[in-house]
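Visitor: Here is the input, now give the coordinates:
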Amino acid sequence: MIEDILQPSRRGFLADLGAAAVGLSFTGGLAGCGSPGKSLNFYNWDTYIGATTLKDFKAATGINVNMSLFANNDELFAKLRGGNQGYDVIVPTNDFVQRMIQADMLLPLDHAKIPNIRNIAPEFITADYDPGRKYSMPYTWLVLGIGYRKSKVDGVPDSWKWLFDSDRYKGRIGMLGEAGDLCRIALKYLGLPPESRNPADFARVQQLLIRQKPNIAVFHEDNGQDLLLAGDIDIVLEYNGDIAQVMREDKDLDFVVPKEGSQLQSDCLCIPKGAPNPEFATRFINYLLDAKAGAEIASTIRFPTPNAAAKALMGADYRDSPVIFPPPAVMANCYWASYAGEATVRLYEETITRVRAA
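Guide: Take a look at the predicted model:
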């Protein structure tokens, strides 16, 4: 199995990736590597590509990939809102795909040039946020939950209470900083509709989070798993794949989806308007949907893949993991994040801004 061969640690990830060879940038700006006309610019999440994927793509096509990183969807959207600064492929989450479609920020995809679409599981071909997959291809799917250090918590922290409404782990709590995700999870915990647009509901979220703020060590930006691994925190709101990555390095770590239910999402591959090399971008997206390439990605990043052909190549410790693929009873109590309009986005942002400033 591919997974049995490829088991890089997070610390060894960049060395395996060959950062200099692919023009990796940590500043969020574009790297200056690659010859003109034979390179593309990839804007991605941290540790969200296979250890050899970019080198393999270059070997197969002669196209160099310059990858730069963003911390969250808010940053990605803000960077592109004023115009594309040279990115060819981006990886927004499904609700931001919907938002970008409505804002006319994405190019339609030519399915005839993406034959590896056949590898995607049927349930991911149909998407309410992008009917007909006109603008996006699914890259991963994910669920939010609680990552924790078993030796530092009392049993399994299977309720959002331990993050949102308790001082039991005072000063050892990490909270996800992305406004929309945090608000929707808090709404779910309060028994309110996650898709609420009611300002009164957001006032309750604000009150809840401000009351809990003295117990929170950090509002993290896509690095909660690193803080947990380092021992800086003991319990964290984070995505299942992020925690699955560090569980390979520390057996004292685990992940649970709280009993109140949680949020499902899918990160997608898109071509933003103004992409300098849309043809190269299309070839790259097709390559990422290849079965072997998809398995190499999944074995590295440990997020659940919507690529059925890639999943079939994976070992049982990936396919049967309840962290990577939560059981149906858990999934039944989850909801999909959705774009609720700019007025609601402002409610998310204003609520979390006030919480942080309190």
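Visitor: May I ask you to confirm that Leu264 belongs to a strand?
Guide: Yes. Counting by DSSP: H, G, I helix; E, B strand; the rest coil, Leu264 is part of a strand.
Visitor: tell me the contacts of it?
Guide: Listed by CB atoms under 8 Å, 6 or more residues apart in numbering, the contact partners of Leu264 are 141-143, 331, 334-337. (C-beta placed from N, C-alpha, C; glycine too.)
Visitor: residues contacting Pro199?
Guide: Leu347.
Visitor: Now do the phi/psi pair for it.
Guide: Here is the backbone geometry of Pro199 (degrees, to the nearest 10): phi -60, psi -30.
Visitor: Ok, Pro272 next?
Guide: Backbone torsions of Pro272, given as degrees, to the nearest 10, read phi -70, psi 150.
Visitor: neighbours of it, just the number please.
Guide: 25 (other CB atoms under 10 Å).
Visitor: do the same with Gly132
Guide: 11.
Visitor: what do you get for Glu296?
Guide: 23.
Visitor: Spatially nearest residue to it (excluding sequence neighbours)?
Guide: Gly50 (4.0 Å; CB to CB, 6 or more residues apart in numbering).
Visitor: Isn't the one you found up against Arg302?
Guide: No. At 11.3 Å, Gly50 does not count as touching Arg302 under the criterion of CB atoms under 8 Å.
Visitor: and stretch 73-80, which residues are buried?
Guide: 73-77, 79-80 (16 or more other CB atoms under 10 Å).
Visitor: Closest one to Leu109 out of those residues, please.
Guide: Leu80 (17.0 Å; CB to CB).
Visitor: Three-state assignment for the closest one, please.
Guide: Using three-state DSSP, the structure places Leu80 in helix.
Visitor: Name all residues that make contact with it.
Guide: So Leu80 contacts 87, 90, 100, 105, 272 (CB under 8 Å, 6+ apart).
Visitor: which ones among those are found in helices?
Guide: Using DSSP state H, Met100 are the members of these that sit in helices.
Visitor: For Gln207, see how far away Asp234 is.
Guide: Separation of Asp234 from Gln207 (CB to CB, to the nearest Å) stands at 25 Å.
Visitor: the more surrounded of those two?
Guide: Asp234 (21 against 12).
Visitor: Quick check, the more buried one in contact with Lys150.
Guide: No. Under the criterion of CB under 8 Å, Asp234 makes no contact with Lys150, lying 9.6 Å away.
Visitor: After the longest strand along the chain, heading C-terminal, what element do we hit next?
Guide: Secondary structure of the chain read by DSSP state E shows that its longest strand is strand 137-149. Downstream of strand 137-149, the next assigned helix or strand under DSSP states H and E is helix 161-164.
Visitor: Paired strands for the helix or strand that that next one is followed by, with orientation please.
Guide: Per DSSP H and E, helix 161-164 leads on to strand 173-176 as the next helix or strand towards the C-terminus. Sheet pairing of strand 173-176 (DSSP bridges) gives strand 216-220 (parallel), strand 235-239 (parallel).
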